[in-house]
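1. Pasting the sequence and the predicted model now:
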Amino acid sequence: MIRQSFVLLAVLVAAQTPPPTRGVGVYPGDPREDFSPIMRPAPAGVRNLAYRRPAWHSSSYDYNLTAQLVTDGIRDTRLPRWVATSSSEHGVLRKNEREWLLDHNMMTTVVLKGST
């Protein structure tokens, strides 16, 4: 009787195990939670305009406005948002220094002096 109880308990525990995952380090682990897009062939009337074509531009205010965006079909009439940063020591910072405080990079530092 006790042996049958243990066998029944083992079967019930095995039935309650979670579904298998896709493996360690693969996100999302549960295949039911994977909503990523699936690659499929494009319809016959659709073609890649940038295929084997060079793309260049003369200049841009920032590095987001590049010719590759045009060849990929990304168009917008508004400028992208940017951070306007100034310091009491240097005034308005140059374009390449604006996001140094926010970029989480140890090599691009901003000295913030306070009272000693």
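-> Sure, I can see it.

2. Pull stretch 81-95 out as CSV, backbone CA atoms only.
-> Written as CSV, here are the backbone C-alpha positions of stretch 81-95 (Å, rounded to 0.1, in the frame of the first residue of the first chain):
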residue,chain,number,x,y,z
ARG,A,81,14.8,64.3,-30.6
TRP,A,82,18.2,65.1,-29.1
VAL,A,83,19.5,66.2,-25.7
ALA,A,84,20.5,69.8,-25.3
THR,A,85,23.3,69.9,-22.7
SER,A,86,25.2,72.8,-21.2
SER,A,87,27.7,73.2,-18.4
SER,A,88,28.7,76.2,-16.4
GLU,A,89,32.3,75.7,-17.3
HIS,A,90,31.9,75.2,-21.1
GLY,A,91,28.5,76.5,-21.9
VAL,A,92,26.5,74.6,-24.6
LEU,A,93,28.4,71.4,-25.3
ARG,A,94,29.4,70.3,-28.8
LYS,A,95,27.3,67.8,-30.7
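
3. What helix or strand is the spatially most central residue of the chain located in?
-> The centre of the chain sits closest to Ser36, judged by Cα atoms, centre = their mean, with a distance of 13.0 Å. Using DSSP states H and E, Ser36 sits in no helix or strand.

4. OK, contacts around Trp100?
-> Trp100 makes contacts with 93, 108-110, as judged by Cβ atoms under 8 Å, 6 or more residues apart in numbering. Every residue, glycine included, has its C-beta placed from N, CA and C.

5. Got the domain ranges for the chain?
-> Using automatic domain parsing, the domain ranges for the chain come out as 48-78, 80-109.

6. do you know which of these lies nearest Gly23?
-> Proximity to Gly23 (Cβ to Cβ) singles out domain 80-109 among the domains of the chain, at 29.1 Å.

7. mind checking the end-to-end distance for the closest one?
-> End-to-end distance for domain 80-109: 24 Å, by Cα to Cα, to the nearest Å.

8. pLDDT averaged over it - what is it?
-> Here domain 80-109 scores 83 as its mean pLDDT.

9. Which residue, neighbours along the chain excluded, lies closest to Thr71?
-> Ala50 (3.5 Å; Cβ to Cβ, 6 or more residues apart in numbering).
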